[in-house]
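**Student:** Mind looking at a prediction? Sequence and model below.
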Amino acid sequence: MSTVIAVLSGKGGTGKSTAAAALSCALSELGRSVVCVDADTELRNADLCLGLGDRALLDYGDVLEGRCSLEDALLPLPDFPRLRLLAAPPQRRPGSLEELIPQLEGQLDYCVVDCPGGLGDTVAEAACLAQRAIVVATADPCSHRDGERTAQLLRSALCPEGLLLINRVRPRQLKAMGITLDDSIDLIGLRLLGYVPEDERVPLALGAGRPLLAEDRRPRRGAAAAFRRIARRLDGQSVPLP
């Protein structure tokens, strides 16, 4: 049985798609079979974050409409042989995740769903289907408010486990703002899964058309190392923060 992980955020700009892609790569590095499902039919950025550019010619809309098989729509990643991308269709189809996710669950270890920003119907649908949901937030008042509302949605959807990932952390900025990571945890109201530092290598990898974890193999420093530690926690390992 697969573990379905919904990656969501109440607002844009938190790095949600970057987090979904990086965690998918990191879980596959642990030897797990992973599918990253891009559920953001409006913006569809998971392919770019995974370094696939415009190579996703088929999407899960094609699967549900019977135009191709599920296997044909799963796009492999050269750097991560146990990871596949399932791209989003150009238009939202209500109930599509409810049809799609059961087809994936028996075939892999993890299904990571990159949800759209906001709290729309697709996000609610993913929250109901997921065993775990990761709310990606930044340490600022707008993200705190939106993260709190996202946590409320998870509780109303009866998602078994809601977790908080604080992204793009800049210690000097937090000190200047008088905000701590504990404030973010308290205000959003979810258990902390981990935090990821602001890292210039994230946009550089995106600009180079490469997955972040393929570009950055540093074992201790940077965003890639933080995502790898977080993936190990998701996989049941005891890994200390950060």
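**Tutor:** Alright, I've got the coordinates.

**Student:** Only alpha carbons, please: show the helix or strand of the chain with the lowest mean pLDDT as CSV.
**Tutor:** Counting by mean pLDDT, DSSP states H and E, the weakest-scoring helix or strand in the chain turns out to be helix 171-177, with a mean of 89. Below are the C-alpha coordinates for helix 171-177, written out as CSV (Å, rounded to 0.1, in the frame of the first residue of the first chain):
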residue,chain,number,x,y,z
PRO,A,171,18.1,33.6,10.4
ARG,A,172,19.1,37.2,10.1
GLN,A,173,15.8,38.2,8.7
LEU,A,174,13.9,36.4,11.4
LYS,A,175,16.0,38.1,14.0
ALA,A,176,15.3,41.5,12.5
MET,A,177,11.6,40.8,12.4
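
**Student:** ok, residues contacting that helix?
**Tutor:** Residues outside helix 171-177 that contact it (CB atoms under 8 Å, 6 or more residues apart in numbering) are Ala139, Asp140, Thr180, Leu181. Yep, even glycine has a C-beta here, placed from its N, CA and C like the rest.

**Student:** In the longest helix along the chain, which residues have enough neighbours to count as buried?
**Tutor:** The single longest helix within the chain, with elements called by DSSP state H, is helix 141-156. By neighbour count, with 16 or more other CB atoms under 10 Å as the criterion, the buried positions of helix 141-156 are Ser143, His144, Asp146, Gly147, Glu148, Thr150, Ala151, Leu153, Leu154.

**Student:** if you skip the residues just before and after it, what's nearest to Leu8?
**Tutor:** Residue nearest to Leu8 in three dimensions, not counting chain neighbours: Cys115, with 4.1 Å by CB to CB, 6 or more residues apart in numbering.

**Student:** pLDDT below threshold where in this protein?
**Tutor:** 242 (pLDDT under 70).

**Student:** Which strand runs longest in it?
**Tutor:** The residue-count maximum for a strand in the chain (DSSP state E) belongs to strand 161-169.

**Student:** so how many other residues sit close to Arg220?
**Tutor:** 9 (other CB atoms under 10 Å).
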